[in-house]
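Enquirer: Got a sequence here, can you build the structure:
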Amino acid sequence: MTYVEIIKRNKKEYYYVTKNIRISNNKWKKVRSYLGDKKPTKKDIFNAAKDIEGKIKELGLDKDKSPYRYLNEIDAELLQDLKKSYKSWLDSTPESIKNKTNENFMIRFTYNSNAIEGNRLTLRQTALILKDKVIPSGVTAGDYNEAINGRECLDYIKEYNKSFSKSLLLKINEILTKNTDVVYGGRIRFFPVEIQGSDHNPPGEKEVLNHVNNMMKWFSKNKNSLHPFELAVILHHKLAWIHPFEDGNGRTARTVMNFILSKKGFPMFFIPFDKREEYYSALEEADKENYTKYVSMMLKLVVDQVKSYGHKKEKK
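Expert: Below is the predicted model:
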């Protein structure tokens with residue numbers, strides 16, 4: 001997918017049509033066609049895009065198959081562009097604006113993640129609690145504490161400098177479930193659980209620890225070979241499928257997913273509460289080990305959010 005790129009030099013703007021080409025799993029090459037210092041017309045962009053395709057063929061970079069296991073070429077390129085846009089946004093945005101954006105994300109992530117699991121707070125009530133430190137009337141202690149826990153957990157993973165591990169997994173669940181009616185927060189369950197509204201039966205209490213250990217082995221084996229988005233969302237599914245905790249499994253899985261993405265330089269995202277049916281459908285595809293469709297569905301659920309970091313594409 002080609003797009004118009006604006007590069008500033010000495011307070012002047014120069015226009016390019018650009019395409020990112022993957023050389024290997026972790027290496028990309030940017031191919032550009034210069035348009036000039038005036039805003040290009042659609043015809044200029046179209047002609048430059050054709051020029052780029054010629055350059056790509058000359059360089060021998062016109063590969064049809066994605067080197068990633070589950071992402072197609074277009075989605076992989078989109079994610080790479082989003083990552084670059086996010087880094088550019090971080091580098092060029094004043095600290096005060098970044099803080100406001102991060103606070104807004106924290107509120108929306110906490111609200112949506114909690115609401116999916118049945119928390120009754122509205123988005124406005126969540127903002128009053130987390131931003132204004134106000135306790136709205138009629139709010140239960142459990143709903144209130146889940147909101148506070150969501151903020152604390154995001155703060156914790158932002159400061160956590162080590163790799164994902166079982167101890168981090170336990171800590172995340174411990175934070176998310178503290179001061180609620182959960183008895184064994186942060187502990188692998190030793191009793192059976194059910195998922196309301198789902199046909200999936202999580203592993204029994206005698207099997208759950210073995211599944212968690214196998215999941216950690218899978219992570220270690222694949223953390224450097226899978227695309228970070230593939231790694232993050234598949235790890236999310238494995239946690240949701242195992243359901244290793246008494247409660248807070250979905251919130252834990254979504255937090256872990258964002259931890260993986262953030263450590264690889266990608267922006268965090270939330271699953272919108274009003275798209276929970278699509279979210280559940282995606283997880284059902286993963287239950288059937290249809291990870292290609294699952295990864296694609298998860299990207300579609302969140303791509304508009306991460307585009308907000310200044311990512312603008314103009315298709316040829």
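Enquirer: Go ahead and confirm residue 21 touches residue 29.
Expert: Yes - if you go by Cβ atoms under 8 Å, residue 21 and residue 29 touch, sitting 4.9 Å apart. Where C-beta positions appear, they are placed from N, C-alpha and C, glycine not excepted.
Enquirer: So these two - more neighbours on which side?
Expert: Between residue 21 and residue 29, counting by other Cβ atoms under 10 Å, residue 21 is the more crowded of the two (19 against 12).
Enquirer: For that one, grab phi and psi.
Expert: Reported as degrees, to the nearest 10, the phi and psi values for residue 21 are phi -120, psi 130.
Enquirer: Please tell me how far it sits from residue 2.
Expert: From residue 21 over to residue 2 the distance is 11 Å, taken as Cβ to Cβ, to the nearest Å.
Enquirer: anything in contact with each of the two?
Expert: Common contacts of residue 21 and residue 2, defined by Cβ atoms under 8 Å, 6 or more residues apart in numbering, are absent altogether.
Enquirer: does residue 189 sit in a helix, a strand or a coil?
Expert: Look at residue 189: counting by DSSP: H, G, I helix; E, B strand; the rest coil, its state is coil.
Enquirer: Spell out which helix or strand contains residue 13, please.
Expert: Using DSSP states H and E, residue 13 falls within strand 12-24.
Enquirer: ok, then the element right after that strand?
Expert: strand 27-36.
Enquirer: Where do the helices of the stretch 201-316 of the chain begin and end?
Expert: For the stretch 201-316 of the chain, the helices defined by DSSP state H, counting those that start in this stretch occupy 208-222, 228-242, 249-263, 276-287, 291-306.
Enquirer: Please identify which of those is closest to residue 12.
Expert: helix 291-306 (29.2 Å; Cβ to Cβ).
Enquirer: what inclination does that closest one have with respect to helix 228-242?
Expert: In terms of direction (axes from the mean of the first three to the mean of the last three Cα atoms, to 10 degrees), helix 291-306 departs from helix 228-242 by 110 degrees.
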